[in-house]
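>>> Sequence first, then the predicted structure, then my questions.
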Amino acid sequence: MRRVNKDERTRIGFTLNGRAVAGDAESRMLLTDFLRHVIGATGTHVGCEHGVCGCCTVLIDGAAVRACLTLAVQAEGRVVTTVEALASADGALNALQQAFQRHHALQCGFCTPGILMSFTDYLARNPHPTEDEIREVLSGHLCRCTGYAGIVAAVLSVSAGSSRQRNDSASPEPTLKLESRS
Amino acid sequence: MKPRRFDYVRPDSADEAVAVLAEYGDAASVLAMLNLRLAEPAVLIDIASLKELDYIRVAGNMIEVGAAVTQNRLKDWPELAGKLPLLAAALPFVGHFQTRNKGTVCGSIAHADPSSEIPLVLATLGGEVVLRSHRGARVLAAADFQRGTLTTAREPDELIMAVRFPAQPTSRVAFREVARRHGDFAIIAVAACVEDGDTVRIGIGGVADRPAARRATIDRAAQAKDIFESLAFELKGYDDLHASARLRRDLLRRIGPVVVEEALRCAA
C-alpha cells in the first residue's frame, strides 16, 4: 500500500517522453503543476483546472487524460507523454503538427498542446475518423481563436492521406496556405 | 483551483481499501470536486489501479462492472451493444473522449449527478449497486441507492465494489439528450427501452434531483404524449445556469414522446 500523509512531501518518479524524471511533491499536487513547476516541462498548459477546457490533456500509458484531474502521485511508475514528445530531437514537427500549421489550426496556441495529445491517442485507435468523429473528440476542448474549422481540416488531412501526409495532396478541405515572410 | 491537503492512499487490494475507509470514516470523491473545493476529504483512497476491480463480468442475467472500469473501456467492450444496447446508446454522451479515459462507471454512480447518463441508465433498467465495508457487503437497488443531488445511500465507510446492469434481450432502445455542447451536463436526457410487446421502460434525467424511471404500456401514439405531460407536471424541473425549470418541462414534453416512438419503431 502506498501512503502519503497530507503534510508530507514524497518522491515521485515516472517516465516522461521516454526519459525517467523525478521530483518531490505533496499528495495534493496536480500533475499539471508537477510537470510545469517541478520538472520544468511547460508544454502542457493549464486552463480551467477542472477538466473542462482540455488544454492540459496528456497521455498516461497511451490514453489521453486531463493532467489537471490527475494527482502527480497517481502518475507514479506510469508512462507520461506530453506535447514535447511530438517533434523530433532536431525540432522537426511531426505530421499532425505540420497539418495544424498548414491549416491554420491554431492562432494563440494556448489550447493546442492538449488538442494535439488528444488526437495523438485518438488517431492511434481510429486512424481514419469521419468529420463527425473528429468533432466529437474536439468537443472535449475549448478553442477561442480558430472556430475549430482549421483543426478539423488538419486532422482530416492527416487521416485521409496517411501515407502522404507531408505534401497534403489528399486534403478534402480547401486549405489556407500561409507563406512566411522572410 | 488546487485541492486542499489530504492524505493519499493507494491500496493493493479491495480489502485494504475497505480497511482504510473504516479507519478514516469517509472518502470517495472526484478530482474536479477537489479542485473546486466542493469536496474536502481527509483522505483520498485511489482504487483506480486495483486490478481486482477492473473487470466486466456476465453473471446470469446481470452484467457486473467493477469499480476500476473506465467509461471508455465499457464503451469499447465488444458485447456491450448486444447485451446492454441502452447503455451503448448513452455512453457516447458521457463527458468527452478524454474524460472517459479516466472517469469510471462506478465513479459516475457514486457522484450521483442528477443529469448523468450512467445513473439514468442504471435506474431505467432497474440495476443494482454492490457496496462493501468492514462490516460486510450489501446490494442496493438503483432506486434505493440514489437519494438526491450528489447524495446516495452509501454509508461513509462503504466502498462501491461494482454496479450490475440487467442484460436486455431487446435492441429496441432510444436515447436522446439536450446539452449546450456535446458532452456537457444534460439539460434533460430521456431513455426508452421496449421490454416486450408495448411495455416500455422510460428514464428521465436532468429534470428532478435524481433520475426518474417508469414503466408504461403504450398501445396508442397519444399515450406517450400524455405520459410525458404528467411526468413534466410531477417532476417539476429546476432552474440553474443552463436552463429554467419551464424549459426543462417543455423539452421533456417535446422530446419524451419522440424517444419512446424511436424505441418502438426499432426492429426487435
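Yes, it's here. Values in this document were obtained by computation on a predicted structure and should not be read as measured data.
>>> any idea whether B:Leu140 is helix, strand or coil?
strand (DSSP: H, G, I helix; E, B strand; the rest coil).
>>> who's it bridged to?
B:Val129 (DSSP bridges).
>>> Nearest residue to the middle of the chain?
Defaulting to chain A. Among the residues of chain A, A:Met117 comes closest to the average C-alpha position under C-alpha atoms, centre = their mean, at 2.6 Å.
>>> Spell out which residues belonging to chain A are near chain B, please.
Counting by C-beta under 8 Å from any C-beta of the partner chain, the positions of chain A adjacent to chain B are A:1-7, A:26-30, A:33, A:49-51, A:54, A:57, A:63-66, A:68-71, A:73-74, A:118, A:121-122, A:135-137, A:139-140. For glycine as for every other residue, the C-beta is placed from the backbone atoms N, C-alpha and C.
>>> domain parsing for chain A?
A:9-85, A:87-182 (automatic domain parsing).
>>> In ChimeraX, select just the buried ones from the residues of chain A next to chain B.
Here is the ChimeraX selection string for the buried members of these, based on 16 or more other C-beta atoms under 10 Å in any protein chain shown:
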select /A:4,26,27,28,29,30,33,49,50,51,54,57,63,64,65,66,68,69,70,71,73,74,118,121,122,136,137,139,140
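>>> so what's B:Pro169 scoring on pLDDT?
Here the pLDDT value assigned to B:Pro169 is 84.
>>> Measure how buried it is and give me the count.
Using other C-beta atoms under 10 Å in any protein chain shown, B:Pro169 has 10 other residues around it.
>>> okay, now residue 83: neighbour count?
Went with chain A since none was named. 23.
>>> ah, no, chain B please
18.
>>> so where's the chain shaky on pLDDT?
Using chain A here. A:161-182 (pLDDT under 70).
>>> that's the other chain; I wanted chain B
In chain B (pLDDT under 70), the answer is B:25-29, B:268.
>>> Let me see the ranges of the helices in it.
Assigned by DSSP state H, chain B shows helices spanning B:14-24, B:31-35, B:71-75, B:80-83, B:85-90, B:97-100, B:105-111, B:117-125, B:142-145, B:221-235, B:245-265.
>>> re the thing from before, in contact with the residue nearest to the centre of chain A, which residues?
A:Met117 makes contact with A:Thr57, A:Val58, A:Leu59, A:Ala64, A:Thr81, A:Thr82, A:Val83, according to C-beta atoms under 8 Å, 6 or more residues apart in numbering or on different chains.
>>> these two touch, right, the fourth one and A:Ala124?
Right, the one you point to is A:Ala64. No. In this structure A:Ala64 lies outside contact range of A:Ala124 using C-beta atoms under 8 Å: 9.8 Å.
>>> Just give the closest residue to A:Ala63, not the sequence neighbours.
Using C-beta to C-beta, 6 or more residues apart in numbering or on different chains and skipping the chain neighbours, the partner closest in space to A:Ala63 is B:Asn101 (4.3 Å).
>>> any idea how far the residue of chain B found nearest chain A is from B:Arg210?
Residue of chain B nearest chain A, by C-beta to the nearest C-beta: B:His96 (2.9 Å). The spacing between B:His96 and B:Arg210, counted by C-beta to C-beta, to the nearest Å, is 24 Å.
>>> hmm, back to that, can you get me a residue count around the residue of chain B closest to chain A?
26.
>>> and the residue lying closest to it once chain neighbours are set aside, what does it touch?
What sits nearest to B:His96 in space, not counting adjacent residues and going by C-beta to C-beta, 6+ apart, is A:Gly140, at 2.9 Å. Contact analysis of A:Gly140 by C-beta under 8 Å, 6+ apart lists A:Gly54, A:Thr57, A:Ser118, B:Gly95, B:His96, B:Phe97, B:Gln98, B:Thr99, B:Gly183.
>>> Need those in CSV (columns: distance to B:Pro85).
Output for the contacts of A:Gly140, formatted as CSV (distance: C-beta to C-beta, whole Å):
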residue, distance to B:Pro85
A:Gly54, 30
A:Thr57, 30
A:Ser118, 28
B:Gly95, 20
B:His96, 22
B:Phe97, 21
B:Gln98, 25
B:Thr99, 23
B:Gly183, 21
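>>> Nearest to B:Gln146 among those?
B:Gly95 (18.6 Å; C-beta to C-beta).
>>> Please, where are all the strands along chain A?
A:2-4, A:9-16, A:19-26, A:57-60, A:63-66, A:79-81 (DSSP state E).
>>> Of the ones you listed, which is nearest B:Arg215?
For the strands of chain A, the distance to B:Arg215 is smallest for strand A:63-66, at 38.3 Å, taking C-beta to C-beta.
>>> where does the closest one sit relative to the chain's centre, distance-wise?
In terms of C-alpha atoms, centre = their mean, to the nearest Å, the centre of strand A:63-66 is set 9 Å apart from its chain centre.
>>> Check stretch A:99-112 too.
In this view, stretch A:99-112 has its centroid 12 Å away from the chain centroid, taken as C-alpha atoms, centre = their mean.
>>> Let's see the distance spanning it from one end to the other.
12 Å (C-alpha to C-alpha, to the nearest Å).
>>> buried set for that stretch?
Applying 16+ other C-beta under 10 Å to stretch A:99-112 flags A:Ala99, A:Phe100, A:Arg102, A:His103, A:His104, A:Ala105, A:Leu106, A:Phe110, A:Cys111, A:Thr112 as buried.
>>> what residues does stretch B:176-191 touch?
A:135-136, A:139-140, B:86, B:89-90, B:93-96, B:99, B:113, B:115-117, B:120-121, B:124, B:173-175, B:201-207, B:242-243, B:247-248, B:251-252, B:255-256, B:258-259, B:262.
>>> Next, report how far it is displaced from the centre of its chain.
Centre to centre, stretch against its chain (C-alpha atoms, centre = their mean), the figure for stretch B:176-191 is 14 Å.
>>> Identify the residue spatially nearest to B:Ser115, adjacent ones excluded.
B:Ser115 sits nearest to B:Gly206 (C-beta to C-beta, 6+ apart), 3.8 Å away.
>>> how many other residues sit next to that neighbour?
Residues near B:Gly206, counting by other C-beta under 10 Å: 29.
>>> Could I get the contacting residues of it?
With C-beta under 8 Å, 6+ apart, B:Gly206 has these contacts: B:Pro114, B:Ser115, B:Glu177, B:Phe185, B:Ala186, B:Ile187, B:Ile188, B:Ala189, B:Arg248.
>>> Show the buried residues in the contacts of stretch B:176-191.
Applying 16+ other C-beta under 10 Å to these flags A:136, A:139-140, B:86, B:89-90, B:93-96, B:99, B:113, B:115-117, B:120-121, B:124, B:173-175, B:201-207, B:242-243, B:248, B:251-252, B:255-256, B:259, B:262 as buried.
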